[in-house]
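> Predicted coordinates and the sequence they were generated for:
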Amino acid sequence: MTTEKPRLAVSVFSDYICPFCYIGSRRLLRLADEFDLKVNWCGTEIHPNTPSDGMSLSKLGYSPEAWAQLSAELQILAHEEGLQFIDRDYTANSHQALLLAEAAKRVGRDIFYTLHEALFQAYFVRGQNIGDREVLKDIALEAGLPADLAQAAWSEPEFEQRLQQNLLQAARLHIRATPTYLFGQQILVGAVPFNQLTQAANRLIQERQAL
């Protein structure tokens, strides 16, 4: 007899140039083993002033010592999730990638998640500039996104409006960091441990069952 998994709806404010978001995505998606997981990925641009060809990480305001410490901590977290980040000296503009991800939602879960993972890998594993539309076109093609939909991502106002709505919602909820998870009224910030995600999920299910 197969036991039906409890349905779990989560919203996540996330960006494809945020290393903690990649780690957090891996951890969150592990909840699908126990729950019928439905994630509302709210693309949120964390460095909107970055030029399309990228810019030096030094311009983000980290001292060399602070960046070295952050990188060491990230490598530990990444290793826990089976990820390997390359060393980078630049950051990319994520706006075009976020638009592409919004467009991918139109064609279904499988292609969206293939693209979702591919964008993270392109930036953190291969060091590609995901602010470059030509790079993004290749990623979209490999992920199975129709070419016309990839073009629509950058020309149809619907997708731009979705990103603006995400920013407005983040402002209303006083969200200032990525990743930020919403489990009902519960807000978790950062690449929190998997057990905290599980606890939040179980608490939400219990609250729903008590209604």
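Structure received.
> Stretch 158-173: which residues count as buried?
Neighbour-count burial for stretch 158-173, counted by 16 or more other C-beta atoms under 10 Å, picks out 159-160, 162-163, 166-167, 170. No exception for glycine: its C-beta is placed from N, CA and C like everyone else's.
> Next: stretch 108-118.
111-116, 118.
> what mean pLDDT does that stretch have?
When pLDDT is averaged along stretch 108-118, the result is 97.
> re the thing from before, just the buried residues of stretch 158-173: which are in strands?
Using DSSP state E, no member of the buried residues of stretch 158-173 falls within strands.
> nearest to residue 50, of the residues you listed?
For the buried residues of stretch 158-173, the closest approach to residue 50 (C-beta to C-beta) belongs to residue 163, at 15.1 Å.
> how far away is the closest one from residue 80?
Noted for residue 163: a distance of 30 Å to residue 80, by C-beta to C-beta, to the nearest Å.
> cool, and residue 118?
The value you get for residue 118 to residue 80, if C-beta to C-beta is used, is 22 Å.
> again with residue 25
Separation of residue 25 from residue 80 (C-beta to C-beta): 14 Å.
> what about these two, which has more around it?
More crowded of residue 25 and residue 80, by other C-beta atoms under 10 Å: residue 25, with 23 against 14.
> show me where this structure has strands.
7-14, 36-43, 55-56, 90-91, 180-183, 186-189.
> Including mean neighbour count, could these go into a markdown table?
A markdown table is the format used below for those (neighbours: other C-beta atoms under 10 Å):
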| stretch | mean neighbour count |
| --- | --- |
| strand 7-14 | 20 |
| strand 36-43 | 18 |
| strand 55-56 | 13 |
| strand 90-91 | 17 |
| strand 180-183 | 21 |
| strand 186-189 | 16 |
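> For residue 150, find the nearest of those strands.
strand 36-43 (15.5 Å).
> Tell me the strands beside the closest one, with direction?
With DSSP bridges as the criterion, the sheet partners recorded for strand 36-43 are strand 7-14 (parallel).
> quick one: contacts for residue 143?
104, 111, 114-115, 118 (C-beta atoms under 8 Å, 6 or more residues apart in numbering).
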